[in-house]
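Asker: what's the 3D shape of this:
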Amino acid sequence: MFDKNVSKIVFTGPVGAGKSTAINAISDTPVISTEQLATDEVKDRKQTTTVAMDYGILKLEHGESIHLYGTPGQQRFNFMWEILVENALGVIILVDSANTDPLGDLDFFLNNFSQYIKDKAIAVGLTRTDLPNQHTLNEYHQLLKKYNLNPPIFEVDARKKREVSMLVQALLFSSDQSLEETNNMETT
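Answerer: Prediction:
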């Protein structure tokens, strides 16, 4: 099912969207984290922040594994984004829907990953949907249309393994569809 060289999924999104939490929820191995004390404006939102990456492994049936990488959310660490997406199967963008401008956050990450996601699968997870300042799913779909994208998009609690697993499965299904469409185009 998976190319052994492309068994990597990257979680990205703004600070506080739940990337580290999601990887911790689904990893079958202890997560390697580069969390450090926040020393800039992030410290107003949370005590620590990822400065390089998070890394875990999701073990599948038949002995296959998917390597899980979480990017730092702060733009000043964006040099890691390009490194981490190299050879990835797809990207999951997590968005904190209770943030002041979640649509702007999604737009920012779609724009910054646009070169990569034009050829790869993506999925979008909306976290903290139980808090105020919500936008409708339709508003997110409208933004995704601006990029000619129609990825799976789910409300997800990043602490719950079942919900994060559903998001990963949706990404993998989208990836399989993309590979199938590419193969069909090559044979015609």
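
Asker: thinking residue 139 is in contact with residue 101, fair?
Answerer: No - under the criterion of Cβ atoms under 8 Å, residue 139 makes no contact with residue 101, lying 11.8 Å away. For glycine as for every other residue, the C-beta is placed from the backbone atoms N, C-alpha and C.

Asker: Follow the chain on from the helix or strand hosting residue 66 and name the next helix or strand.
Answerer: Using DSSP states H and E, residue 66 maps to strand 65-70. Sequence order places helix 79-85 as the next helix or strand after strand 65-70, per DSSP H and E.

Asker: Can you tell me, leaving aside adjacent residues, what's nearest to residue 96?
Answerer: Leaving out its chain neighbours, the residue that sits closest to residue 96 by Cβ to Cβ, 6 or more residues apart in numbering is residue 17, at 4.4 Å.

Asker: how much space between the one you found and residue 67?
Answerer: Counting by Cβ to Cβ, to the nearest Å, the gap from residue 17 to residue 67 is 20 Å.

Asker: And residue 19, by the same measure?
Answerer: Distance from residue 19 to residue 67, by Cβ to Cβ: 15 Å.

Asker: Those two: who's more crowded?
Answerer: Taking other Cβ atoms under 10 Å, residue 19 and residue 67 do not tie; residue 19 has more neighbours (29 against 17).

Asker: Let's check: the centremost residue of the protein is which one?
Answerer: The residue lying closest to the centre of the chain (Cα atoms, centre = their mean) is residue 92, at 2.2 Å.

Asker: by contact count, what packs against the host helix or strand of it?
Answerer: Residue 92 is located in strand 90-96, with elements delineated by DSSP H and E. Contacts defined by 3 or more Cβ pairs under 8 Å, 6 or more residues apart in numbering; DSSP states H and E place strand 90-96 against strand 8-12, helix 19-26, helix 102-112, strand 121-127, helix 161-187.

Asker: picking up where we left off before, can I get the CA coordinates of the strand holding residue 66 in CSV?
Answerer: Presented in CSV, the C-alpha positions along strand 65-70 are these (Å, rounded to 0.1, in the frame of the first residue of the first chain):
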residue,chain,number,x,y,z
SER,A,65,4.7,2.3,9.7
ILE,A,66,3.9,5.9,9.1
HIS,A,67,6.3,8.5,10.4
LEU,A,68,4.6,11.5,11.9
TYR,A,69,6.2,14.8,11.9
GLY,A,70,4.9,18.0,13.5
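
Asker: Quick one: residues in contact with that strand.
Answerer: 2, 7-12, 19-20, 22-23, 26-27, 50, 53-60, 84, 88-89, 168 (Cβ atoms under 8 Å, 6 or more residues apart in numbering).
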